[in-house]
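Enquirer: sequence first, predicted coordinates after that:
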Amino acid sequence: MNQIFNPASRYILDTNIWLDWFVFAHDADAPIALLKQLVASNTASVWMTQPMWDEWVDVLGRVQFKVEPERQARILAQTRALVNWVDTPSLPFERIRCADKDDQVFIDAALALKVDCLISKDKHLLRLRARAKKQGVTIVTPEQWVQQFDHAMRAEMVEVVHA
């Protein structure tokens, strides 16, 4: 990620974030609500590859989430409409191994596509923060992302006031 946080960034979201987006209820001031607003206004973009999609389809269909097939189909159609679809990246980058093989697709895509931010709640991905940062990718929780966003917006307002 650039030194200065840019809310108009390119993001990768892990499946926990997609579950928050579509399955779990959240307050209007929850981090996912802000992200939804930015994506809806085309201020931010979310990127997805086929392996990430396959993981999302698998997780969404798991019995513990109790999402009936008709709703799954609607959620998947909505997801497809929201994301920027990109080819699965090749591996000409320095790969960081994730302890959870199912989460490897997210860190691989983030590094290969050089996205600004991978938003995750997954402990395996969050443990990779320092190594990913060395390659220019920030990994944050939704709460950390909001803190960065709030800080950037305050800094921008100060610049406008002093201009």
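Expert: Yep, that arrived.
Enquirer: for the chain, what helix or strand is lowest in average pLDDT?
Expert: None of the helices or strands of the chain scores lower by mean pLDDT, DSSP states H and E than helix 142-162, at a mean of 65.
Enquirer: dump the residue contacts of I96.
Expert: By Cβ atoms under 8 Å, 6 or more residues apart in numbering, the contact set of I96 is 107, 111, 128, 131-132, 135. Just so you know, the C-beta spots here come from the backbone N, C-alpha and C atoms, and that holds for glycine as well.
Enquirer: ugh, typo on my part, it should be I12
Expert: 46-48, 52, 106, 109-110, 113, 115, 117-119.
Enquirer: doesn't it belong to a strand?
Expert: Yes: counting by DSSP: H, G, I helix; E, B strand; the rest coil, I12 is located in a strand.
Enquirer: report the beta-bridge partner residues of it.
Expert: With DSSP bridges applied, I12 shows beta-bridge pairing to L118.
Enquirer: tell me the pLDDT of it.
Expert: The confidence metric pLDDT takes the value 97 at I12.
Enquirer: ok, F5 next?
Expert: For F5, the pLDDT comes out at 48.
Enquirer: got the contact list for the residue nearest to the spatial centre of the chain?
Expert: Central residue of the chain (Cα atoms, centre = their mean): L13, 2.2 Å from the mean position. Neighbouring residues of L13 by Cβ under 8 Å, 6+ apart: 21, 46, 118-120.
Enquirer: need the max-distance pair from those residues.
Expert: Spanning the widest gap among the contacts of L13 are W21 and L118, at 15.1 Å by Cβ to Cβ.
Enquirer: the two: who's more crowded?
Expert: Comparing W21 with L118 by other Cβ atoms under 10 Å, the one with more neighbours is L118, at 27 against 20.
Enquirer: for the more buried one, give its distance to V67.
Expert: Separation of L118 from V67 (Cβ to Cβ, to the nearest Å) stands at 24 Å.
Enquirer: in the chain, where is pLDDT below threshold?
Expert: 1-8, 91-93, 149-163 (pLDDT under 70).
Enquirer: this protein: helices as residue ranges?
Expert: Ranges of helices in the chain, per DSSP state H, are 15-22, 31-40, 50-60, 69-82, 104-113, 123-126, 129-133, 142-162.
Enquirer: would you turn the contacts of L13 into a markdown table with distance to L76?
Expert: Shown next, in a markdown table, are those (distance: Cβ to Cβ, whole Å):
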| residue | distance to L76 |
| --- | --- |
| W21 | 12 |
| V46 | 14 |
| L118 | 21 |
| I119 | 20 |
| S120 | 20 |
